[in-house]
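Enquirer: sharing a model prediction with you, sequence too.
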Amino acid sequence: MSVEQLIQQYAPKPHQFDEMLHAGSIREPYEKLVSTMKDNSIENLQLKDKLASELFMNQGITFTVYSDNAGIERIFPFDILPRIITAAEWAHVEKGIEQRLKALNLFLKDVYSEQQIIKDQIIPAELITTCPHYLREAAGIKVPHDIYVHISGIDLIRGEDGTFYILEDNLRTPSGVSYMLENREVTKRLFPELLAQANVRMVGNYPLLLHNNLMALSPRQISNPTVVLLTPGIYNSAYYEHTFLARQMGIQLVEGRDLLIENHKVYMKTTSGLKQVDVIYRRIDDEYIDPLLFRPDSMLGVAGIMSAYRKGTVALANAVGNGVADDKAVYAYVPAMIKYYLNEEPILPNVPTYQMSNEEERKYVFENMHRMVVKRTNQSGGYGMLMGNKASDEEFQKFKDEINKHPREFIAQPIIQLSTVPCFIDGKLQPRHVDLRPYALCGPDGVKIVPGGLTRVALREGSLVVNSSQGGGSKDTWVVD
């Protein structure tokens with residue numbers, strides 16, 4: 001069989017938006033890719049697929065699956081065919097994310113100071129007071145340039161008509177950017193000529209942009225501030241990414257035990273004595289960062305770091321307490337925040353969201369549960385979720401009982417058929433559902449978004465769950481001019 005026949009046999013499901021094939025014709029952004037595929041044999045594509053796996057293996061590009069008792073490290077599955085987004089589509093996405101982050105930063109500043117949005121009854125007070133990630137300890141802390149979200153990963157999906165929707169906001173310690181960068185490096189090896197011919201925008205300057213952003217946060221006005229990346233250590237699922245980013249930025253990778261506090265300042269232990277630290281890019285969750293203030297059993301953080309942070313002698317990226325803005329129940333109010341703070345209509349819509357603490361909405365969800373995805377408001381990675389179209393009566397009942405007991409801890413959304421893209425699986429071209437996580441950096445000079453982001457793929461046929469922890473993989477994402 002030829003590659004041409006493979007392409008002719010490619011059959012996306014009806015009533016779903018396929019990003020390569022529209023009304024039986026190849027969409028323009030995919031024409032160069034299809035032409036390059038036709039120049040290859042199936043055996044050649046299989047060799048490229050094998051080479052990609054070997055490159056990932058040799059680079060040690062792994063993640064950990066906590067649901068396996070063994071905590072097994074796995075190679076991140078990679079599909080060799082890129083996902084392609086046009087410049088016009090990307091411009092729309094960029095504008096929407098920039099608008100959203102402006103509003104979320106203003107919300108975080110407000111909620112940890114005047115709380116005007118609550119006084120004006122735009123957001124119910126109890127939504128904030130019952131949020132486990134709202135930290136009273138962060139109230140009144142002055143953060144550099146009033147920026148709370150320095151690094152974000154905003155998850156997007158495309159619906160049945162190709163519309164981009166915001167699925168969720170990751171504003172604490174978003175991960176996955178190393179996979180975006182490594183995916184591009186692998187693609188350069190697989191399709192070197194095609195990248196140049198297709199005018200694909202580059203993503204490789206992300207570490208430089210991130211480093212410049214972090215340097216700009218330094219409380220000390222010195223030419224070369226000390227920036228470090230604080231990791232929980234080798235047993236963290238994203239440890240590969242922590243080492244990768246520290247190496248790319250040329251900064252020290254540190255653990256809590258490498259730092260200490262003296263006179264409300266943070267110091268790093270070095271072979272030539274103590275060195276003051278100005279900026280910490282932390283990949284540790286709030287509750288572990290300071291055992292004096294949060295979890296006393298934390299071995300990962302630095303005792304007293306919050307006092308230095310409050311005094312303004314060290315900058316933390318992201319800010320402490322951001323979790324209140326990416327709580328899945330608060331997500332439903334982000335369009336209202338955009339209108340309230342910016343006096344604008346949201347450029348990128350939310351997915352319709354039902355609050356289980358609202359009796360009417362709960363009743364509606366219970367009656368239509370087979371068409372809903374039910375999520376816990378404070379879990380990520382695809383855990384704690386019910387897909388209504390796949391659930392048994394027993395699972396429905398279990399979730400209903402849980403929701404009735406703790407309604408604040410759940411939201412529901414209609415199941416949206418995510419867009420599909422072609423994947424090269426088992427020597428065939430098969431449609432698979434995808435989402436997109438673009439990475440945005442907020443600094444004193446505004447918002448910078450690397451063109452593309454991480455496309456996550458639900459590799460199981462028919463599955464809508466793209467998380468790597470649930471068997472998902474990824475693709476290189478091309479924004480083409």
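Expert: Okay, I see it.

Enquirer: and for residue 92, the neighbour number?
Expert: 15 (other CB atoms under 10 Å). Placement of C-beta: from N, CA and C, glycine included.

Enquirer: swap in residue 5?
Expert: Using other CB under 10 Å: residue 5 sits among 11 other residues.

Enquirer: quick one: contacts for it?
Expert: Neighbour list for residue 5: empty [criterion: CB atoms under 8 Å, 6 or more residues apart in numbering].

Enquirer: can we see that at 10 Å?
Expert: Counting by CB atoms under 10 Å, 6 or more residues apart in numbering, residue 5 makes contact with 42, 429.

Enquirer: what does residue 206 give?
Expert: If you count contacts by CB under 10 Å, 6+ apart, then residue 206 has 177-178, 180-181, 184, 245, 248-249, 439, 441, 448-450, 452 around it.

Enquirer: most centrally placed residue in the chain?
Expert: residue 153 (3.4 Å; CA atoms, centre = their mean).

Enquirer: contacting residues for it?
Expert: Residue 153 is in contact with 168-177, 180, 326, 436-440, 453-454, counting by CB under 10 Å, 6+ apart.

Enquirer: quick one, which of those are buried?
Expert: 168-177, 180, 326, 436-440, 453-454 (16 or more other CB atoms under 10 Å).

Enquirer: those residues in helices, which ones?
Expert: Judged by DSSP state H, the subset of the buried ones among the contacts of residue 153 located in helices is 177, 180.

Enquirer: of the buried ones among the contacts of residue 153, which belong to strands?
Expert: 168, 169, 170, 436, 437, 439, 440, 454 (DSSP state E).

Enquirer: turn these into JSON lines, including pLDDT.
Expert: JSON lines is the format used below for those (pLDDT from 0 to 100):
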{"residue": "168", "pLDDT": "93"}
{"residue": "169", "pLDDT": "95"}
{"residue": "170", "pLDDT": "95"}
{"residue": "436", "pLDDT": "97"}
{"residue": "437", "pLDDT": "97"}
{"residue": "439", "pLDDT": "97"}
{"residue": "440", "pLDDT": "98"}
{"residue": "454", "pLDDT": "96"}
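
Enquirer: ok, the closest residue to residue 112 other than its chain neighbours - contacts?
Expert: Distances taken as CB to CB, 6 or more residues apart in numbering put residue 139 closest to residue 112, at 5.0 Å, once the chain neighbours are dropped. By CB under 10 Å, 6+ apart, residue 139 lies in contact with 111, 112, 113, 115, 321.

Enquirer: what's the farthest-apart pair in those?
Expert: 115 and 321 (13.3 Å; CB to CB).

Enquirer: so which of these two has more stuff around it?
Expert: A side-by-side neighbour count of residue 115 and residue 321, using other CB under 10 Å, places residue 321 first with 22 against 14.

Enquirer: the nearest residue to that one once chain neighbours are set aside: neighbour count?
Expert: Of all residues not flanking residue 321 in the chain, residue 138 sits nearest, at 3.4 Å (CB to CB, 6+ apart). The tally of other residues near residue 138 (other CB under 10 Å) stands at 23.

Enquirer: ok, residue 138 touching residue 290?
Expert: No: the criterion here is CB atoms under 10 Å, and residue 138 misses it with residue 290 at 11.3 Å.

Enquirer: joint contacts of these two?
Expert: Joint contacts of residue 138 and residue 290 (CB under 10 Å, 6+ apart) are 306, 309, 320.

Enquirer: got the contact list for residue 432?
Expert: 12, 79, 418, 420-423, 425, 457-463, 466, 472-473, 475.

Enquirer: circling back: and of the contacts of residue 139, the nearest to residue 100?
Expert: Among the contacts of residue 139, and counting by CB to CB, the member closest to residue 100 is residue 111, at 16.0 Å.
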